[in-house]
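Undergrad: Following is a predicted model, sequence given first.
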Amino acid sequence: MTPNDSSNPTNPVTPSTRADSQAQQAQQAQQAQQAQCCELGFYTLAGHSGTPRDLIAECHAAESLGLGTAFISERFNTKDATALSGAAGAVSTTLGIATAATNHNTRHPLVTATFAMTMHRLTEGRFALGLGRGFDALFDIMGLPHITMAQMTDAIDLYRRLWRGEMVFGHDGPAGNFPMLCLDPSFDEKIPVMLTAIGERTLEFAGSLADGVILHTFFADAALERSVAAVHRGAEQAGRDPGSIRIWSVLATVGDHLDEELRLKKLVGRLATYLQGYGDLLVSVNGWDPQVLVRFRADDVVGSIGGAIDAVATLEQLEHIAKLFPEEWLQAAATGTAEQCAARVLAQFDLGADGVILHGATPTELAPVVSAYRKIRPSHRFDSQLANPGWAHA
């Protein structure tokens, strides 16, 4: 017979004790909310997930763990950013939620503005609209125009005007020609807009008009510092306060607590997949040896893989590809023990990041790293940060 067994006459479970237990649980839940690390985020449905319902469990686990934001990428298969954002908003109470990213040219501006406003109201201010430049080759296949900075500037201006309740008549600009645009004249809302960026010009552009900036995975330390400087430079040139822009680094987090094959897929496979898509840009940003990329592209094993390497490569192929990369390329990630990963995360802030997205892992896989991070987290360094990933300060 256990001490709390209701059949124990010396220690019965009464309505009073149940109330005490419920109060204790509520207090614990409040304490967990207060312990939220608003400076940490994760990508939900990391990798090539075909089961979008997994997002629900991931959001619950992330809130339990105290992560700050769920970032949502988009693929034209089972990862529609609007549907996933709505699901994340519906099943969460503390998580920030951001698209990272969708594109302005795949939806009418009224549709995108409506989506963002709906998410803003649904989450009570926890949502940020993240946009990106996308891929020209994909837009060619879809029959869509390539995205330009002028288009993005125009589209973002339209969104903000609509969120303020403006009625836009006879608009003729880079984002398109629209006879009339209006959401609701009673609206007067501020919703942060974030931009994903890699190259220096795009980073400066993001600093000139975005509320938040999301960098890219596999940025070496020097590349992160240069990227932060470029965002700040763009802000200053536009007459903006650089400190008003929240900059997120994206750090592949692949601890030793994961099995070897999964580690290879998340580290080697993911880097190889980026090199398949836009290797020249990533190599240039990091100042890496371009001849390594030439050898990678010419490799017979790499050439034999019909698809994204992190999705379809075998263990043997991943082991082979790992030998093609210099150690410094793979060091642009958080690896090793949970404590070593946590130290790497904390170092991102010293390099200029305001937030760190722990990339390529689920909240459950990140649990040991987050636990280790809490032990070294500066007590008051992040007190002013909000759950909404697009706002820099409270």
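TA: All right, it came through fine.
Undergrad: can you give me the strands for the stretch 251-394 of the chain?
TA: 334-336, 355-359 (DSSP state E, counting those that start in this stretch).
Undergrad: What about the nearest residue to Pro109 once chain neighbours are set aside, how many residues nearby?
TA: Spatial nearest neighbour of Pro109, excluding adjacent residues (Cβ to Cβ, 6 or more residues apart in numbering): Leu158 at 4.9 Å. Placement of C-beta: from N, CA and C, glycine included. For Leu158, the tally of surrounding residues (other Cβ atoms under 10 Å) stands at 23.
Undergrad: Of the strands of the stretch 251-394 of the chain, give the one that comes closest to Glu225.
TA: strand 355-359 (14.4 Å; Cβ to Cβ).
Undergrad: And the closest one, what does it pack against?
TA: strand 37-43, strand 67-72, strand 246-255, helix 338-350, helix 363-376 (3 or more Cβ pairs under 8 Å, 6 or more residues apart in numbering; DSSP states H and E).
Undergrad: Need the per-residue pLDDT for the residue nearest to the spatial centre of the chain.
TA: Centroid-nearest residue in the chain: Phe71, 3.6 Å away (criterion: Cα atoms, centre = their mean). We have a pLDDT of 98 for Phe71.
Undergrad: so what's it up against?
TA: Each residue near Phe71 by Cβ atoms under 8 Å, 6 or more residues apart in numbering is listed here: 41-44, 98-100, 130, 214, 357, 389.
Undergrad: What of Pro363?
TA: Contacts of Pro363 (Cβ under 8 Å, 6+ apart): 42, 58, 61-62, 64-65, 67.
Undergrad: how close does it get to Thr114?
TA: To Thr114, Pro363 is 30 Å away according to Cβ to Cβ, to the nearest Å.
Undergrad: Skipping adjacent residues, who's closest to Asp211 in space?
TA: In space, Asp211 is closest to Pro192, 3.8 Å off (Cβ to Cβ, 6+ apart).
Undergrad: residues near that neighbour, how many?
TA: Around Pro192 there are 24 residues (other Cβ under 10 Å).
Undergrad: Show the backbone phi and psi for it.
TA: phi -70, psi 140 (degrees, to the nearest 10).
Undergrad: Give me the pLDDT value at it.
TA: Per the predicted model, pLDDT is 98 at Pro192.
Undergrad: low-scoring stretches of the stretch 51-200 of the chain, by residue?
TA: Judged by pLDDT under 70, the stretch 51-200 of the chain has no weakly predicted residues.
Undergrad: residue contacts, the spatially closest residue to Glu204 that is not a sequence neighbour?
TA: The shortest distance from Glu204 to any non-neighbouring residue, by Cβ to Cβ, 6+ apart, is to Gly234 (3.4 Å). Applying Cβ under 8 Å, 6+ apart to Gly234 gives the contacts 203-208.
Undergrad: Can you show me the CA trace of the helix or strand encompassing Gly234 as CSV?
TA: Following DSSP states H and E, the helix or strand that holds Gly234 is helix 221-237. Extracted in CSV, the C-alpha atoms of helix 221-237 (Å, rounded to 0.1, in the frame of the first residue of the first chain):
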residue,chain,number,x,y,z
ASP,A,221,32.6,31.9,-36.3
ALA,A,222,34.2,34.6,-38.6
ALA,A,223,31.3,34.3,-41.0
LEU,A,224,28.8,34.8,-38.1
GLU,A,225,30.6,38.0,-37.0
ARG,A,226,30.8,39.3,-40.6
SER,A,227,27.1,38.6,-41.1
VAL,A,228,26.1,40.4,-37.9
ALA,A,229,28.3,43.4,-39.0
ALA,A,230,26.6,43.4,-42.4
VAL,A,231,23.1,43.5,-40.9
HIS,A,232,24.1,46.3,-38.5
ARG,A,233,25.8,48.2,-41.4
GLY,A,234,22.6,48.0,-43.5
ALA,A,235,20.6,49.3,-40.5
GLU,A,236,22.9,52.2,-40.0
GLN,A,237,22.9,53.1,-43.7
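Undergrad: Please enumerate the helices of the stretch 101-250 of the chain.
TA: 109-122, 136-142, 149-163, 200-209, 221-237 (DSSP state H, counting those that start in this stretch).
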